[in-house]
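Participant: Fold the following and give me the result.
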Amino acid sequence: MRLFLTVVFGSFLLGSSCTKDAKCELNPEVARVEAAVQIERLEQPFFQIKSLGDAQRFVGRHPLFANQFLQRRQYPSDEVLAQALLKLATNAGLQKLSREAEAGFKDTDALQSQLRQMFQHVRYYFPGFRVPPVKTFVSGLSQDLFVNDSLMVLSLDFFVGPRASYRPNVPDYILRRYTPAHLLPTAALTVSSKYNQQELTNQTMLSEMVQFGKSLYFAEKILPCTADTLLIGFTGPELAGVQFNEGKIWGHFIEKSLIYTTTPFTIQKYMGERPNVPEIGQTCPGRVGAWVGWQIVRKYMAQHPNVTLAQLMAEKNPQRILNESHYRPKR
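Facilitator: Numbering: from 1, shown residues only. Okay, the predicted model is just below:
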């Protein structure tokens, strides 16, 4: 079945499918959760490095950042690391990109407020979560984001957007997800991995779909005012298209007996990065399997209002989630 209907939607339908309520407000219970956020703009002292000694002092002043983000132990000595940092900090092109990142993210207070609300939601659902210190940086487009229990690093140069002098070396369908508006959704999806449990054996299409679906559901719960297009990285027309064709997409998975396939190449066709999925239709976006998994998880949670986000993320059985979701979109 290769039919995938292309629909031209009016602005009303596109707006309703791609954006959240303009009056979206913070849940009062979430607002009471403590989640202090401290942001340190490391790109500023980094680009003040003018000598090897400056670079060595930068490493010495930021040991956690050097150990975890810069991977200090991968270098033969601190001097070798400092030499590499000096080369980056004095690179004219990277300095220009840093100025562009500074202009794009000049309002540190706004970024801090956004992160605080995100972490309040995480701590609301997972009270044991500890907010890590947050550092911003310009990495030379080497790593977009780093998160663990003790540190979060946001590489702002990745998220400057189309006006940047230099952009990540990725295809356009991935590049469009590197804008300022995608910074928080990317962070939320990364944080989800801390809680997203799965069976490590017998990986099937279904298990991958549900795993991605749980991550996206986690992201929408901790960023409740964020549009679906930003969470999954689809364009407005792409999202409208998969919503309109949801039954046909699910029918493709059923008719082609794809749900329980364990063939990595086949799974990658529907779960991996691609400009489209021609097996379904030329306008069907890549990673459509993740979107379907998201709808399965949403349906499951709608059917089980007493299941908490923590319980969902701890659930390792994708078949149970599918069965109990009663997911049967109309074709």
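Participant: The stretch 101-250 of the chain: strands as residue ranges?
Facilitator: Along the stretch 101-250 of the chain, counting by DSSP state E, counting those that start in this stretch, strands occupy 134-137, 145-148, 151-155.
Participant: Distance check, the residue nearest to residue 234 when sequence neighbours are not counted against residue 233.
Facilitator: Among residues not flanking residue 234 along the chain, residue 285 sits closest, at 5.5 Å (C-beta to C-beta, 6 or more residues apart in numbering). Yep, even glycine has a C-beta here, placed from its N, CA and C like the rest. Distance from residue 285 to residue 233, counting by C-beta to C-beta, to the nearest Å: 9 Å.
Participant: Residue 198 - how many residues pack around it?
Facilitator: 16 (other C-beta atoms under 10 Å).
Participant: With residue 134 instead?
Facilitator: Burial of residue 134 is recorded as 20 neighbouring residues (other C-beta under 10 Å).
Participant: re earlier: for the residue nearest to residue 234, give me its contacts.
Facilitator: For residue 285, the contacting residues are 173, 234-235, 238, 241-242, 275-277, 291, by C-beta atoms under 8 Å, 6 or more residues apart in numbering.
Participant: what's the answer for residue 54, then?
Facilitator: Going by C-beta under 8 Å, 6+ apart, residue 54 touches 48, 86, 89.
Participant: Going by neighbour count, which of these comes out on top?
Facilitator: Most surrounded of the contacts of residue 54: other C-beta under 10 Å gives residue 89, at 23 neighbours.
Participant: That residue contacts residue 49, doesn't it?
Facilitator: Yes - with contacts counted by C-beta atoms under 8 Å, residue 89 reaches residue 49, the gap being 3.9 Å.
Participant: Report the set of residues contacting both of these two.
Facilitator: Taking C-beta under 8 Å, 6+ apart as the contact rule, residue 89 and residue 49 both touch residue 55.
Participant: What pLDDT does the model give the residue nearest to residue 159 when sequence neighbours are not counted?
Facilitator: Spatially, and ignoring its direct neighbours in sequence, residue 159 is nearest to residue 183 (4.7 Å; C-beta to C-beta, 6+ apart). pLDDT recorded at residue 183 is 98.
Participant: same deal with residue 1?
Facilitator: pLDDT, read off for residue 1, is 33.
Participant: Check for me that residue 40 belongs to a strand.
Facilitator: Yes - per DSSP: H, G, I helix; E, B strand; the rest coil, residue 40 lies within a strand segment.
Participant: how many other residues sit next to it?
Facilitator: Using other C-beta under 10 Å, residue 40 is surrounded by 16 other residues.
Participant: what are the bridge partners for it, then?
Facilitator: Taking DSSP bridges as the rule, residue 40 bridges to residue 135.
Participant: these two touch, right, it and residue 134?
Facilitator: Yes - between residue 40 and residue 134 there is a contact at 7.2 Å, judged by C-beta under 8 Å.
Participant: if I look at these two, which residues touch both of them?
Facilitator: Residues touching both residue 40 and residue 134 (C-beta under 8 Å, 6+ apart): none.
Participant: is it true that residue 149 touches residue 132?
Facilitator: Yes - judged on C-beta under 8 Å, residue 149 makes contact with residue 132 at a distance of 6.5 Å.
Participant: which of these two has more neighbours?
Facilitator: Ranked by neighbour count (other C-beta under 10 Å), residue 149 and residue 132 place residue 132 first, with 19 against 9.
Participant: Could you tell me which residues make contact with residue 296?
Facilitator: 209-210, 213, 321-322, 325, 327.
Participant: returning to that earlier point: sort out which of the contacts of residue 285 are buried, if you could.
Facilitator: Among these, the ones that count as buried by 16 or more other C-beta atoms under 10 Å are 173, 234, 238, 241-242, 276-277, 291.
Participant: and residue 174, how many neighbours?
Facilitator: By other C-beta under 10 Å, the residues close to residue 174 number 13.
Participant: Tell me how far residue 307 lies from residue 315.
Facilitator: In terms of C-beta to C-beta, residue 307 sits 8 Å off from residue 315.
Participant: Good, wrapping up.
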